[in-house]
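Peer 1: return atomic coordinates for the entry below.
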Amino acid sequence: MKRVVCIFSLLAVGVIVSGQDVVHLKTGESAACTVTAITDNIITYTLPTIRGSGGGSAKRTLQMDRVSHVEWGFRPEEETAWENRDTASVETAEKWWNEWFASIHRPRARTAGWGIAFGNALLRANRGGSDQRALSLYDRIIERAWSDDDVASAKQGRLRALIAIGDLETAVKEAAELATRTEDPELLIEVKFLLAEADFELLKKLEEENPRWEEDDEVRPDRNLLYHRIVDQYLWPHLFHATRDDAASRGLLSAGEVYEFAGDLVRAKACYVDLEKLYPNTEAAEQAKQRIENLTKPQKTSSQETESL
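Peer 2: Numbering: from 1, shown residues only. Coordinates of the predicted model:
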């Protein structure tokens, strides 16, 4: 054992090259190496040849209870993919998720990050069964990931997946519960947005099933409560975190869409105008501009439409 510690100390001052792993001991020592096998009990790794030693690479095995964590080097072509994982294809994200899957529970592993990228890609793809597959993937990450941040991201992904498969009641329930359990502004903003998204789908479903809701004394109060809750949730970032441009502008755009859905075009336009003025450099601003143009176009009357035919 003393010999291993000595080697660790010697290599800790070495230069770590791209793709190389680094094993960190609980004593604070570390070694640049290539991990060849790892379980929950042992880790096997190969130390690089020391210049001038005349020997080959040395293979070592350690008990995992001596290891703090492994800093995994990027595999060929992985680093560029990792930097672009937010827009990764299903195939790319799945490849690296499979590569690192066995380390999902290990400290500092990238596995959960790849899993979240994979789930997000599945939701974007919207192919047969991909939404349900994404839900199962997020659940696996929530259950096993080491990092609290990864678990929080997976919970957000789970909410998006629930909305995508149409399980709105569960999505609303879980989003509301998550919102009460976090004080992280960024996470709270995302949860409230997802809660509003789920509520908006519920509103559409309610009005579709009750086309004369305005005349129904039982349905109307529930519909109005849901409607105002959606708007409040969408506008929350703009009202309380106005400096977070992307979140605030996204909320204003979404609130405008809800107003349009309800036929309140005056308030809808006001949201889009505010968005353009306050957040002109955001992605949502261009969409707001287009919606303003659509709302200000002269509307054809039924007689004009008949004449054009």
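
Peer 1: so which bits of the longest strand anywhere in the chain are buried?
Peer 2: Longest strand in the chain by number of residues (criterion: DSSP state E): strand 30-38. Within strand 30-38, the residues that qualify as buried are 30-33, 35, 38, counting by 16 or more other CB atoms under 10 Å. To be clear about C-beta, it is placed using only N, CA and C from the backbone, and glycine gets the same treatment.

Peer 1: any idea how far that strand is from the chain center?
Peer 2: 30 Å (CA atoms, centre = their mean, to the nearest Å).

Peer 1: next up, phi/psi of the closest residue to Lys26 other than its chain neighbours, please.
Peer 2: Nearest residue to Lys26, sequence neighbours excluded (CB to CB, 6 or more residues apart in numbering): Ser68, at 4.8 Å. Note on Ser68: its backbone torsions stand at phi -80, psi -50 [degrees, to the nearest 10].

Peer 1: pretty sure Ser68 sits against Val22.
Peer 2: No: look at Ser68 against Val22 with CB atoms under 8 Å: they stay out of range, at 10.8 Å.

Peer 1: on that earlier part again, next one, pLDDT for the residue nearest to Lys26 please.
Peer 2: Looking at Ser68, its pLDDT is 95.

Peer 1: that older thread, between Ser68 and Val22, which is the more surrounded one?
Peer 2: Neighbours were counted for Ser68 and for Val22 using other CB atoms under 10 Å; Val22 has more, 19 against 15.

Peer 1: looking at this, the more buried one is in a strand?
Peer 2: Yes: assigned with DSSP: H, G, I helix; E, B strand; the rest coil, Val22 falls within a strand.

Peer 1: so what's the residue nearest to Lys26 up against?
Peer 2: With CB atoms under 8 Å, 6 or more residues apart in numbering as the criterion, the residues that contact Ser68 are 24-26, 107.

Peer 1: tell me which two of the residues you listed sit farthest apart.
Peer 2: Leu25 and Pro107 (12.9 Å; CB to CB).

Peer 1: who's more crowded, those two?
Peer 2: The neighbour comparison of Leu25 against Pro107 (other CB under 10 Å) goes to Leu25, with 18 against 13.

Peer 1: quick check: Phe200 is in a helix.
Peer 2: Yes: assessed with three-state DSSP, Phe200 lies in a helix.
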